[in-house]
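In: from the sequence below, what's the structure:
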Amino acid sequence: TSTSLTATRQYAATMTIEVRPAGREEYEETGRVTALAYREFADGDSWDRYLELIADVGARADIALVFAAFEDGRILGSATLELDRRIEDDDPVLPPEQAEIRMLGVDPDRRGRGVAKALMDACFAWAAKAGKTRMLLHTTQRMKVAQAMYEAMGFERLPDRTFPDGFVLLSYEKAIQTNE
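Out: Numbers count the residues shown, from 1 in each chain. Presented below is the predicted three-dimensional model:
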């Protein structure tokens, strides 16, 4: 079976979004746009470090798939898909049936146009082709729009992940259908 990494879908009457893995020459701009998407949620030194991590696409592109969404050559957002390995060493081992979406972010000026949904669709399609049966993701309590999108897509809540400093990640899971 042939596997295509590129998906083009019509998400709005006047907008065609292409989703594909970011090329090396696109890492810097992909990282900049993704960090920009998270900047509104930053509230301290730990977030500043996380924004640096998000912006460094090259550091994770050899470990995970970094998808970028494009319109007319402009990067609109990105999502990172962990299939076999974790980006961060302190994360639990990824079970063989599970994939995880990380660092989904859309340029604030391009939100509400289906970009995040197109990125999610690409992650699900690739994970299904890789034989995964469960998709996991995390978000924060502040990211209300993301929570609403995940719930509308059929994700179900799992127990929260609470860090020693009290930071809480909301956990979500959804079965991966072979026809997604």
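
In: output the below-cut-off pLDDT ranges for the chain.
Out: 1-15, 44-46, 179-180 (pLDDT under 70).

In: distance check, the spatially closest residue to Gln147 that is not a sequence neighbour against Asp72.
Out: Distances taken as C-beta to C-beta, 6 or more residues apart in numbering place Thr139 nearest to Gln147, at 6.0 Å, with adjacent residues excluded. All C-beta spots, glycine's among them, are computed from the backbone N, C-alpha and C. Distance of Thr139 to Asp72, computed by C-beta to C-beta, to the nearest Å: 29 Å.

In: residue contacts, Ala122?
Out: Ala122 makes contacts with Ala7, Val19, Arg20, Phe67, Ala79, as judged by C-beta atoms under 8 Å, 6 or more residues apart in numbering.

In: let's see which of those residues end up in helices.
Out: Counted as lying in helices by DSSP state H, out of the contacts of Ala122, is not a single one.

In: okay, and the beta partners of the residue nearest to Gln147?
Out: When bridges are called by DSSP bridges, Thr139 pairs up with Leu170.

In: again with Glu71
Out: Arg74.

In: that one against Glu18, yeah?
Out: Yes. Assessed by C-beta atoms under 8 Å, Glu71 is found in contact with Glu18 at 7.5 Å.

In: ok, back up a step: Thr139 and Asp72 - which one has more neighbours?
Out: Thr139 (20 against 8; other C-beta atoms under 10 Å).

In: the more buried one reaches Leu170, doesn't it?
Out: Yes. Between Thr139 and Leu170 there is a contact under C-beta under 8 Å: 5.2 Å.
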